[in-house]
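J.: need a structure here:
(4 chains)
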There are 2 protein chains.
Amino acid sequence: MNSSLKLSNRDRAVLMKAPFLAGLGNSALVRLMSMMTISTLPARKFVLREGESADAFYCVLNGYVRLFRLSREGREADIMVCAPGDTFAEHLLFSENVYRCNAQTAEPATLARFDMQAVRDLAQHDPEIAKALIAAVSRHLVGTMDCIANDRLFTAPQRVANYILSRCPADGSSASIRLPFQKSLLAGMLGLAPEALSRAFSSLRRVGVTVRGRIIQVGDVQALRNI
Amino acid sequence: MNSSLKLSNRDRAVLMKAPFLAGLGNSALVRLMSMMTISTLPARKFVLREGESADAFYCVLNGYVRLFRLSREGREADIMVCAPGDTFAEHLLFSENVYRCNAQTAEPATLARFDMQAVRDLAQHDPEIAKALIAAVSRHLVGTMDCIANDRLFTAPQRVANYILSRCPADGSSASIRLPFQKSLLAGMLGLAPEALSRAFSSLRRVGVTVRGRIIQVGDVQALRNI
DNA sequence: GTGGCTGATTGATCAGTATCAAATCCCCCA
DNA sequence: TGGGGGATTTGATACTGATCAATCAGCCAC
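T.: The predicted structure follows:
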C-alpha cells in the first residue's frame, strides 16, 4: 500500500471527470483536492471493514472496488461495485459513523481518500459542495434501487442481457464490448455465483451472444432486448 | 383524492418528526411548509408513475406507500415501502427528471407534496435544507443497501426473523409486536411472494414465533437471533 | 516450451422459492 | 352477531440458481 500526494495525469483526469467533482467551481475543487490523499493498493486489499469507524470516504481513480457484506458463515454478498470516477462511503457524512460493509479492491487500484470531518466542514459552508454530495448520493441510490428491481424482476440470463445492453451503443444491430474486469466480479454485481453467470452466457448463445475471454459479441442487439 | 392546505394535529406531529424536517430551524421549516400541499388518498391509489416527469416529491404523514417497478409481463417488484415520516422521490432533486418507479398507497394515506423546483431553489441557498436532503437521501441509500444484502445473503425465514427482530425491543427474552400493515405488503418488502412469507412464518414456529392475524409473538428473542 | 496457478466452464444434484389451485381465516360492517 | 369478501394459508408442482466436484483454458515465470 503506497500512499502519496502525487497524482498521475491519468488519475487526475479521472478525478476531474468524477460526477462528485465534475460540477464544482475552482475554489471548491482546490479546497477538496488539497485535503485528499492518494493511495495505490494491490488486488484484494481491504480498503475498509464493516464496523470500523467511518473516518474517510473514497473516490476510485483506477481499478475496481467491491463493497460487500459477510454473513455469519462467511458467505459474501456484493452490494455495489465502484468503477473509476465513483465515490463510496460518502453517504456516511451526515448519518452513521461506522462503515456498514467491507470494501476490497478487485484488482490493483488507485484511490483518493477524503477525510470525513474535513469535508463535512466544507460542505456546511459551501452550497456547491453540498449539492455535489446530494448528487453523488442520489446517483448511488438510483443505482441500488435499480439493483433491487433487477434482482427481483429478472432471471440470471435477463440480468446479464441487461448488463450487456447497458454497455452497448444504443443503436446498431450488432456490437462488441469488452468486460473491464473479471467475470467473477460481474457475477457478484449481478448477485450470481460465477457458475450461474457462465450458464447465463451460454444460454444467451441462442440469441446471438458470443463470449471469448473478456470479449462479448452481440449479433442482434434488438433481439437481446426482447429477452 | 382530497387536496387541501389543512393539516391535522396528528399529521403535523408526524411531519415535524420526519427525519427530513426534524433538524431544521424555524425559518427553513416555515418556508418549506408554506409551499407544501396535503392530500388524502384512498387505498391502492397511484401517487406517481414510472416515466412521468418528476415535478414533486412527497412525505408520508399517514399510511404506507409502496414504490415498485413493473416488468413487461406486468409482474411487480417492490423497491421500498415508505412509512409515516418517510420521504420519497426526493433524490431526483438534483439528478433525473423522470420518476423511475411507481408509487401506490398500500392503504388510505395522507401525503405532503413538495414542488421539486421550489425546494431546489431553497436548497441552493439554504445549507441547512441541503444538509437535510443529504441526510434523507443517505438514509434511503443505507436502507436499499441493506435490502440488497438481505436479499442476497439470507433465506426467506431469515429475512422474516430479521424483520421481526428489527421491531422488537433489544432486550427481553420474549416480545409481542403488531404488524402495522397487511402481510402481503411485508412480503413485498422482503422480496417474497405472500405464500412464501406465510411458509416462512410457519417455519419460525419451531423457534417460538406465533402469528395470529397481525400479532406476532416471540417466545425467545435470543433464539430468533441465531437463525 | 512447460509446469503450475488462477479463473472459467461443465455436469450432477439439491435447496429454496415461485406459481397455481383450493381451502380457510379474519376482519369489517350491516 | 352473522355473513361476505378479501387476505392468508396450505398443498402440489415446476423452476431457478446454489453448491460441489471435476475438467478445461489462459497466462506467467522459469
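J.: partner residues bridging A:R113?
T.: Assessed by DSSP bridges, A:R113 has beta-bridge partners A:T37, A:Y58.
J.: ok, now which ones touch it?
T.: A:36-39, A:56-58 (CB atoms under 8 Å, 6 or more residues apart in numbering or on different chains). Yep, even glycine has a C-beta here, placed from its N, CA and C like the rest.
J.: what about it, distance to chain B?
T.: 19 Å (CB to the nearest CB, to the nearest Å).
J.: and the pLDDT at that residue?
T.: Looking at A:R113, its pLDDT stands at 97.
J.: ok, A:P169 next?
T.: You'll see A:P169 listed with a pLDDT of 88.
J.: can you report how many residues lie near the residue nearest to it when sequence neighbours are not counted?
T.: Using CB to CB, 6 or more residues apart in numbering or on different chains and skipping the chain neighbours, the partner closest in space to A:P169 is A:A175 (6.2 Å). A:A175 has 19 neighbouring residues, counting by other CB atoms under 10 Å in any protein chain shown.
J.: what's the answer for the one 3 residues further on, then?
T.: A:R178 is surrounded by 9 other residues when neighbours are defined as other CB under 10 Å.
J.: my read: it touches A:V211, true?
T.: No: using CB atoms under 8 Å as the test, A:R178 is too far from A:V211 to be in contact (11.0 Å).
J.: where along chain A do the strands fall?
T.: Along chain A, counting by DSSP state E, strands occupy A:2-4, A:37-41, A:46-48, A:56-62, A:65-70, A:76-82, A:87-88, A:102-105, A:109-115, A:175-178, A:209-212, A:215-218.
J.: quick one: average pLDDT of stretch A:75-85?
T.: 97.
J.: name the residues of that stretch that are buried.
T.: For stretch A:75-85, burial by neighbour count (16 or more other CB atoms under 10 Å in any protein chain shown) applies to A:77-82, A:84-85.
J.: so how far is that stretch off the chain centroid?
T.: Its chain's C-alpha centre and that of stretch A:75-85 lie 6 Å apart, by CA atoms, centre = their mean, to the nearest Å.
J.: for stretch A:153-172, same thing?
T.: Remark: stretch A:153-172 is offset 17 Å from the chain centroid, using CA atoms, centre = their mean.
J.: equivalent analysis for stretch A:59-75, please.
T.: For stretch A:59-75, the distance to the chain centre is 10 Å (CA atoms, centre = their mean).
J.: next: stretch A:86-96.
T.: Relative to the mean C-alpha coordinate of its chain, stretch A:86-96 is positioned 14 Å out (CA atoms, centre = their mean).
J.: mutual contacts of A:R178 and A:V211, please.
T.: Shared contacts of A:R178 and A:V211, defined by CB under 8 Å, 6+ apart, are absent.
J.: out of the buried residues of stretch A:75-85, which comes closest to DNA strand D?
T.: Of all the buried residues of stretch A:75-85, DNA strand D sits closest to A:A77, with 9.6 Å by CB to the nearest atom of the strand.
J.: so what's that closest one closest to, chain neighbours aside?
T.: B:R152 (3.7 Å).
J.: per-residue confidence for A:S3?
T.: For A:S3, the pLDDT comes out at 58.
J.: by mean pLDDT, point me to the weakest helix or strand of chain A.
T.: strand A:2-4 (a mean of 58; mean pLDDT, DSSP states H and E).
J.: against B:I38, how distant is the residue nearest to the spatial centre of chain A?
T.: Residue closest to the average C-alpha location in chain A (CA atoms, centre = their mean): A:C82, at 1.6 Å. In this view, A:C82 and B:I38 are 40 Å apart by CB to CB, to the nearest Å.
J.: and for A:F114?
T.: Distance of A:F114 to B:I38, computed by CB to CB: 40 Å.
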